[in-house]
Structure formats: structure tokens, C-alpha cells
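> sequence? don't have it. structure:
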């Protein structure tokens, strides 16, 4: 315990200084997981808010100058999408793999952008963050780098958008919150599912009182990516497979959780109180490793590992007595699902299995014509304005483009972002909290209040476009 505590304090001190250099990064990504006692302490940490980032409107940026770090599956697509949005300048690109940088440059050939290029070393991203001509760092790297890069970027005066999850430990969650408050720089997690058309429809319906008092919600990430996890080419250095060895719990909570948190006004009128989590054993990943090793000796290193269980179910209770259930399963041969169930005193919505449906009684779902009428009445202004263009540009059916356009529009108009650092920290914290509960016979654990109590007065997310909505598309 003494050694663990000393190591933790040492790491915390480094993060406070913003020293996310290459040597520290190596120590950071390779360190052991925090002890059970440390997790409990950080879960119950009382936070004295230095500055409230919820509802914070940073100064307007006529042109948002962007630097991309990580140009693989998500980052490369993000670069292409951004070329369709006015009022941006793509000023820098970074990936450890030169070929990924080259591919991103090719996507910009028909544009006027001439970005600086960084590659070849593990800390090339630092030089990008240090540039004076960057306003926003867009992070699409493996998970372990999300927090170190975000901290370094904010400490160098940059806003941050990071892929999910924003953090993988409670230490990281608290570091993001404290750094964002101190620097007054946005730290937004790129939770694209908050911009799914049905999720946004139900958010607007909830805010208009259609469901009455929301009592319970469910979200999930049920996605059979078993083969992809073991692929040598899909994820750089098979990093995602290694995360499934390192962690036990809900490794990827935010796709299902983010939209229902916005609907339930979590961090903005209510707050999570405690969590319990249970996982099945692994019945598939070790079997896959054994099968692959018979054909390729490189897979022998993955035999006999303690993999994350195939199904994790976590249940959360809020301070106002409401409940959220969130699941994680990336191995079973089940149809893709984020569940997205919203249950209130006057109505219910559920997206999966598709199409999304709504009910106002126990007698069944509304008819197709009734659903069409609801969509005509409750489709939010954000979707009315940019939804068709988003479908054309694409990215998970258009929600990726909606997310990017909305973020740029808020930055250019000096508006609060739809997701703030408290959302990034809270939604990401389900990973380490569920891991603690799974490892402790599914006992309950407190959920940190990253807002320092300001959730009691923070305003709900506003997607009405009462302000902003001025950014053009190309």
C-alpha cells in the first residue's frame, strides 16, 4: 500500500505540472492499475470547483484552427468531414505512422489546406500541441493517449476534442476536470451517439415533457467485434485487444450512456450516486486466441490471458432516485445494439431493435403514422437545419458530421459545447468504477461528483439553435 500510494502521488504531481513528455508518457501507459483503496478514495473525492465549465462560453473564434492527432480509423475520416465545414483551417496532422499522415494529406489535395506534418516518433504530437496557430486539438489515438494528450494540449492553450473514452482511470478523469477548470479550455469527448437522429429526437421530446418524469434509462455497446479485436491491422499494435486484457468491466460505456445522461439531465439537475457492476466470465476471447495461434504463432502471446468477461451489466442510481442500466458486450454474435431505452411516467422510447419506437401505454408501440407525426413535431432544430447534409456527408449515418458541425458552430459563435469536461469525466469513469465493482464481488461504489455540486444549478443541454447555427457547409 505504501508503494502504491507513493507511486500514485508521484503521478498526480507530474500531471499537475502538465509534464506529459515522452518519458512520463511511457511510465504512465505502462503503470499498474490503481489499488482498490485508491479507487475508493478517488470515487469519494470532494471537489472544490475552481471554475464552472458547464455552460462556459469561450471567446469566439472566427476561424477554428485544428490540429489532428491520430489518423487511423476515426481520425482520417474526421479530417475528410471537416473539409465540408466553413470557418475552419486544418493546420497540422500527426500520426506515428507516416503512411497514415500521407493518406490524410491526399484527402486534402483539392482544398487550400497545407498542414504541417508530424510523424515517426512517439511524442511527435507534443510539437503539434506547442504550435501557436492551433485552437483545437482533435484526438483520435488509442485510449491510453487520450488523457496525456488532452492535458498537454490544454496546458498549451488549446481546446480539446477527444475520442471516447476520454479517460480510463479515475486519476485521469480528475486530471481532465482540474486542468480544464484551471485553463478554461474546453475538453469535449467526441460522443457521436449523442447526435444520432433518434437519440436527439428523444432528447427534445424529454425536454418538452413528452415522457413525463424520466424514471429509468438503458444504454449499451453490444457490438460483435471479436475478430476485429484480434486483427493485426484494424488497431495499431493490437491496442484494443490489450485493453480487453488489462481491464475487467464496462470498457466502452459512453455510446449508450451519453445520450441517456443528456435526457436525464445528469450533471445538469441530477447526478449519479453509486454503481454496481457484474460481469460474466470470458467464454470466447481465449478460445479465439487458441484458434488463431494454431495458424499463426504470433497469437501465442494471447493464450491463457485473463480477458474481460463477455457481458458486463452495470446499474447506477442517481441522487434523485432514478436508475440507469448500461451494458458492454463486444464478442457475442448478437445484432448491434445501444439499447437506448427511456422510461418515464407518461411514455417510453426504445431504439433497438430498429426502428426506434415510442409508447404511451402498456398496449404497445405507436403506429408508423403516429411516429411520423411525432418526428414532425419534435425533430430538433439542429437536425432540421443540418440533418440532410449530414446524411450526405455520412459518418455513422450522419451523426459524426452533425457532431463536428455543431462543435465548430459553437466555437465560432462563442457558445457552450453540448458536452463538457464533466460529461467526459463522468461517462468515462464508468470503466474504472465498474472494474472495481466487478473485482469486489459486485459491491457498490460511489460515483464521483466531478462538478463539485454545481450539477444542482447547471442548465440542461440546449440543441434548440436559439443562438448560433450560422456556420455554412461546403
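Nice, thanks for sending it over. These figures come from a predicted structure and were not determined experimentally.
> Surely residue 425 touches residue 174?
Yes - Residue 425 is within contact range of residue 174, at 7.3 Å (criterion: CB atoms under 8 Å). Glycine gets a C-beta too; all of them are placed from N, C-alpha and C.
> and residue 195, what does it touch?
By CB atoms under 8 Å, 6 or more residues apart in numbering, the contact set of residue 195 is 399, 400, 402, 403, 406.
> same thing with residue 170?
By CB under 8 Å, 6+ apart, residue 170 lies in contact with 34, 39, 42, 43, 429, 432, 433, 448.
> so which of those residues would you say is closest to residue 133?
residue 429 (33.9 Å; CB to CB).
> That closest one against residue 173, yeah?
Yes - with contact defined as CB under 8 Å, residue 429 counts as touching residue 173 (5.0 Å).
> Which residues are in contact with each of the two?
167, 448, 450.
> Quick check: phi and psi on the first one?
Right, residue 167. Here the main-chain torsion angles of residue 167 (degrees, to the nearest 10) amount to phi -150, psi 160.
> Could you measure from it over to residue 271?
Going from residue 167 to residue 271 by CB to CB, to the nearest Å gives 18 Å.
> Counting neighbours, go ahead and name the busier of the two.
Using other CB atoms under 10 Å, the more surrounded residue of residue 167 and residue 271 is residue 167, with 26 against 23.
> picking up where we left off before, can you add pLDDT and give the shared contacts of residue 429 and residue 173 back as CSV?
Formatted as CSV, the shared contacts of residue 429 and residue 173 follow (pLDDT from 0 to 100):
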residue, pLDDT
167, 98
448, 98
450, 98
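> between those residues, which is nearest residue 190?
residue 167 (13.4 Å).
> ok, that closest one touching residue 146?
Yes - contact status for residue 167 versus residue 146: in contact at 6.6 Å, counting by CB under 8 Å.
> So for these two, which residues contact both of them?
Shared contacts of residue 167 and residue 146 (CB under 8 Å, 6+ apart): none.
> Residue 205: neighbouring residues, count only.
With other CB under 10 Å as criterion, residue 205 counts 23.
> what helix or strand is it on?
In this assignment (DSSP states H and E), residue 205 forms part of helix 197-207.
> ok and the helix or strand just after that helix relative to helix 197-207, angle-wise?
Sequence order places strand 214-222 as the next helix or strand after helix 197-207, per DSSP H and E. Strand 214-222 and helix 197-207 are oriented at 170 degrees to each other (axes from the mean of the first three to the mean of the last three CA atoms, to 10 degrees).
> helices or strands next to the one helix or strand residue 429 maps to in the packing?
Element membership of residue 429 [criterion: DSSP H and E] is helix 421-439. Counting contacts by 3 or more CB pairs under 8 Å, 6 or more residues apart in numbering; DSSP states H and E, helix 421-439 is packed against helix 36-43, helix 170-183, strand 187-189, helix 254-263, strand 272-279, strand 312-318, strand 445-446.
> List the buried residues in the second one.
Pointing back at helix 170-183 there. 170-181, 183 (16 or more other CB atoms under 10 Å).
> For these, give me TSV that also has distance to residue 334.
Listed next are the buried residues of helix 170-183 as TSV, based on distance: CB to CB, whole Å:
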residue	distance to residue 334
170	30
171	33
172	30
173	30
174	35
175	35
176	32
177	35
178	39
179	38
180	37
181	40
183	42
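> Mind picking the two most distant members of those?
Largest separation among the buried residues of helix 170-183 by CB to CB: 170 and 183, giving 20.5 Å.
> Quick check: closest non-adjacent residue to the residue nearest to the spatial centre of the chain.
With distances taken as CA atoms, centre = their mean, the residue of the chain nearest its centroid is residue 164 (3.1 Å). Spatially, and ignoring its direct neighbours in sequence, residue 164 is nearest to residue 254 (4.6 Å; CB to CB, 6 or more residues apart in numbering).
> What is the burial count for the one you found?
Residues near residue 254, counting by other CB under 10 Å, number 30.
> again, but for residue 336
Using other CB under 10 Å, residue 336 has 13 neighbouring residues.
> Let me see the ranges of the strands in the stretch 351-474 of the chain.
Applying DSSP state E, counting those that start in this stretch to the stretch 351-474 of the chain gives strands spanning 357-359, 445-446.
> Direction included, what does the last one pair up with?
So the one you mean is strand 445-446. In its sheet, strand 445-446 lies beside strand 272-279 (antiparallel), with partners assigned from DSSP bridges.
> Count residues in the vicinity of residue 226, would you?
Residue crowding around residue 226 was assessed by other CB under 10 Å; the count is 18.
> wouldn't it be in contact with residue 310 here?
No - if you go by CB under 8 Å, residue 226 and residue 310 don't touch, sitting 9.3 Å apart.
> so what sits against both of these two?
With CB under 8 Å, 6+ apart as the test, residue 226 and residue 310 both reach 284, 285, 331.
> ok, now how distant is the first one from residue 310?
So that's residue 284. Residue 284 is 6 Å from residue 310, by CB to CB.
> and for the two, which residues touch both?
Each of 331, 332 lies in contact with both residue 284 and residue 310 under the rule CB under 8 Å, 6+ apart.
> same question for stretch 274-294, mean pLDDT?
For stretch 274-294, the mean pLDDT works out to 98.
> chain center to that stretch: distance?
Between the centre of stretch 274-294 and the centre of its host chain there is 23 Å, according to CA atoms, centre = their mean, to the nearest Å.
> Just the buried residues of it, please?
For stretch 274-294, by 16+ other CB under 10 Å, it's 274-279, 282, 284-286, 288-289, 292.
> tell me which of those is nearest to residue 379?
Nearest member of the buried residues of stretch 274-294 to residue 379, counting by CB to CB, is residue 275, at 33.4 Å.
> Who are the contact partners of residue 50?
By CB under 8 Å, 6+ apart, residue 50 lies in contact with 178, 181, 182.
> so, if you compare the residues you listed, which one comes nearest to residue 114?
Closest to residue 114 out of the contacts of residue 50 is residue 182 (33.6 Å), distances taken as CB to CB.
> per-residue pLDDT, the closest one?
98.
> ok, now residue 27?
Looking at residue 27, the pLDDT reads 33.
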